[in-house]
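Participant: this is a predicted model, with the sequence first.
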Amino acid sequence: MTDAISDCLAAHPRANLIQVPTIIHKLPRLSSRLGREIYVLRDDLTGFGLGGNKTRKVDFLLGDALAKRATTVATMKATSFSRNAAAGAAASGLDLHVVLPGSESDQNPLSQSVFNKWGARLHFEANGTEALADHLDSLVASLRSKGEVVYVLHPGGSDAVGALSYVRVLDDLCAFSARTGVHFSHVMHSTSSAGTQAGLVVGQCIADYDTRVVGVSASRSASDQSKLVRELAQSTAKLLDRPIDLSRVIVDDGFVGPGYAKASREGEMAAQTFAELEGILLDPVYTGKAAAALIDYIENDRLGEGPICFIHTGGNAGVYY
Ligand SMILES: Cc1ncc(COP(=O)(O)O)c(C=O)c1O
């Protein structure tokens, strides 16, 4: 690891659930189709749970929970983060409680079956999403009153501890560049709850890796998403006691399409291109839209010179759910 990143992450243990560094490899047929060197960081292949960026966050969050001697972790919503947290809790010997909106019959059966396999204890909130946080608070209070040491996981894993996982990714990029001589002029990925991008930007500042990290918004306007990323980057840098250059937060909201969790035509076409040329699956909500941005930027000459790293943040299960 670069000294700068290893020094600042030394005090933050992982649960050692995932296999890192993940592979970085060239996309030869896409590169030749677009006339540009494109690489992919395979965070869909983290070797744990359902894979994807959430497993990286879970690794740091459960590392923190274990260091704090937690017996139980709790979170809310049926997201890929919660499902991967269930896998992580199972493998770490922790109980996991998840509060979900609606009733059992409202849940996606595949998601439900994954939760059940990993032994998650599910609680249903009939009054919908707005009431989830209160439900979680009273659940946590009740577990604590019974003597449990409860660690609450931010939904999406995007707090400062979760974002450390993407600070670490900068080390993988630096090591790859040192080994191969390939320096990425741009790093592109999907951004939503902000942990991935906040971590990358903090890592980029600490490692002094000269690149442009472009977050492709999955839902919010560029100004709202940038604000979210900047705030989280600030709290992550504060946790590490390192300075941060917030001008490095770059968000593009031009590929949201019809909205959050709704497929866009460009995203579907980009996913098809990745599948046909490289045999790589992308989901329609996150990675497909980020890939649409990547292709559009290259085709419209918006990236200047240099190799590009596309981060495959996972979400493959979204192809089936
Ligand atoms: C597959 C996938 N990619 C990207 C993201 C966005 O990452 P972040 O929430 O850290 O901004 C998500 C978030 O849910 C995701 O599931």
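Facilitator: Yep, it's here. Residues are numbered from 1 along each chain as shown.

Participant: in this structure, which spans are strands?
Facilitator: 24-26, 38-42, 72-76, 95-101, 121-125, 150-152, 186-191, 212-217, 250-252, 308-312 (DSSP state E).

Participant: could you pick out the residues of the stretch 101-250 of the chain near the ligand for me?
Facilitator: With the criterion set to Cβ under 6 Å from any ligand atom, the stretch 101-250 of the chain comes near the ligand through 156, 158, 190, 191, 192, 193, 194, 195, 196, 197. C-beta here means a position set from N, CA and C on the backbone, and glycine is covered the same way.

Participant: mean confidence for stretch 113-128?
Facilitator: Taken as a whole, stretch 113-128 carries a mean pLDDT of 95.

Participant: got a list of what residue 88 touches?
Facilitator: Residue 88 makes contact with 15, 17, 48, 49, 55, 58, 59, 61, 62 under the criterion Cβ atoms under 8 Å, 6 or more residues apart in numbering.

Participant: ugh, typo on my part, it should be residue 215
Facilitator: 189, 190, 191, 196, 197, 225, 229, 249, 250, 251, 252.

Participant: just residue 313 next, same as before
Facilitator: By Cβ under 8 Å, 6+ apart, the neighbours of residue 313 are 43, 44, 52, 53, 189, 190, 196, 286, 287, 290.

Participant: likewise residue 217?
Facilitator: 191, 192, 225, 251, 252, 253, 255, 256.

Participant: how is this protein carved up into domains?
Facilitator: Domain assignment of the chain by automatic domain parsing yields the ranges 3-52+159-319, 54-157.

Participant: so what pLDDT did residue 320 get?
Facilitator: For residue 320, the predicted pLDDT is 64.

Participant: right, and residue 157 touches residue 196 too?
Facilitator: No - counting by Cβ atoms under 8 Å, residue 157 does not reach residue 196; the two are 9.6 Å apart.

Participant: which residues are common contacts for these two?
Facilitator: Common neighbours of residue 157 and residue 196 (Cβ under 8 Å, 6+ apart) do not exist.

Participant: mind listing the helices for this protein?
Facilitator: Using DSSP state H, the helices of the chain run over 3-9, 28-34, 53-67, 80-92, 109-117, 132-145, 160-180, 195-207, 222-240, 265-278, 287-299.
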